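Asks: This is the structure alone, sequence omitted:
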Ligand code: HEC
C-alpha cells in the first residue's frame, strides 16, 4: 500500500465527522444558541419518541405523529406554519397555540428546552 493511500485511510474518519459537526453548528446558529446534544437528552426526557420516529434517538419509534427526520428540508411545521426556527420552537412549546385542532399535546416544554430540542431536530435526519 502506498504512503499516500495510507494517509487517505487515516483521514477518512475525520472526513466522516465533518458534515455532522457542520450541521450542529448551523443548528446552533439557527436557534441562537441551542445545543443539539442537550436537545437529544431532552427529547428522551420528554418522551417525544413515544409518538414520533426521531433519528438518533433509541426507542423513538412512535407512529402517532409524523417522523421528525427531515425538518431541515420541509417547508411547513405541521402543515400550518412556515418552518422557521422561531415557529418550530413555538410549536414544541405549545402546539395548540399554533394550531388549535392539533392532536399533539402541550408537554410544558420551557423556552430554553425548546431551543435545544429544535437544535437537535435541525441537526439530525436528512
Ligand atoms: C402524544 C403524542 C405526541 C407526543 C408525546 C409528541 N408529539 Fe409531536 N406531534 C404529534 C402529532 C399527532 C403531530 C401532528 C400534528 C399536526 O399535524 O397537527 C405532531 C407534530 C409534531 C411536529 C411537526 C412535524 C411536522 O412534520 O411538521 C413536531 C416538530 C413535533 N411534533 C415535535 C415534538 C416534540 C419535540 C415532542 C416532544 C417534546 C413531541 N412532538 C411530542 C404527537 C405527539
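Replies: Received, thanks. All values derive from a computational prediction rather than experimental measurement.
Asks: Spell out which residues of the chain are next to the ligand.
Replies: For the chain, the residues in contact with the ligand (Cβ under 6 Å from any ligand atom) are 46-48, 50-52, 64-66, 68, 77-79, 91-92, 99, 102-105, 107, 109, 117. Quick note: C-beta positions are derived from backbone N, CA and C, even for glycine.
Asks: Now a ChimeraX select for only the buried ones of those residues.
Replies: Here is the ChimeraX selection string for the buried members of the residues of the chain next to the ligand, based on 16 or more other Cβ atoms under 10 Å:
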select :48,51,52,65,68,77,78,91,92,102,104,109,117
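Asks: Keep only those of the residues of the chain next to the ligand that are in helices.
Replies: Counted as lying in helices by DSSP state H, out of the residues of the chain next to the ligand, are 46, 91-92, 117.
Asks: Would you tell me which one of these comes nearest to residue 29?
Replies: residue 117 (16.1 Å; Cβ to Cβ).
Asks: Just list the residues touching that closest one, thanks.
Replies: Counting by Cβ atoms under 8 Å, 6 or more residues apart in numbering, residue 117 touches 34, 39, 42-43, 46, 48, 92, 109.
Asks: residue ranges with poor pLDDT in this protein?
Replies: 1-19 (pLDDT under 70).
Asks: all strands for it, in order.
Replies: Remark: strands assigned in the chain by DSSP state E are 76-77, 81-82.
Asks: tally of neighbours for the closest residue to residue 20 other than its chain neighbours?
Replies: Closest residue to residue 20 apart from its sequence neighbours, by Cβ to Cβ, 6 or more residues apart in numbering: residue 123 at 7.6 Å. By the measure other Cβ atoms under 10 Å, the count of residues near residue 123 is 28.
Asks: Also residue 67?
Replies: Residue 67, neighbours per other Cβ under 10 Å, totals 15.
Asks: What's the separation between it and residue 52?
Replies: In this view, residue 67 and residue 52 are 7 Å apart by Cβ to Cβ, to the nearest Å.
Asks: Same check on residue 97?
Replies: From residue 97 over to residue 52 (counting by Cβ to Cβ), the distance is 19 Å.
Asks: I am finished for the moment; much appreciated.
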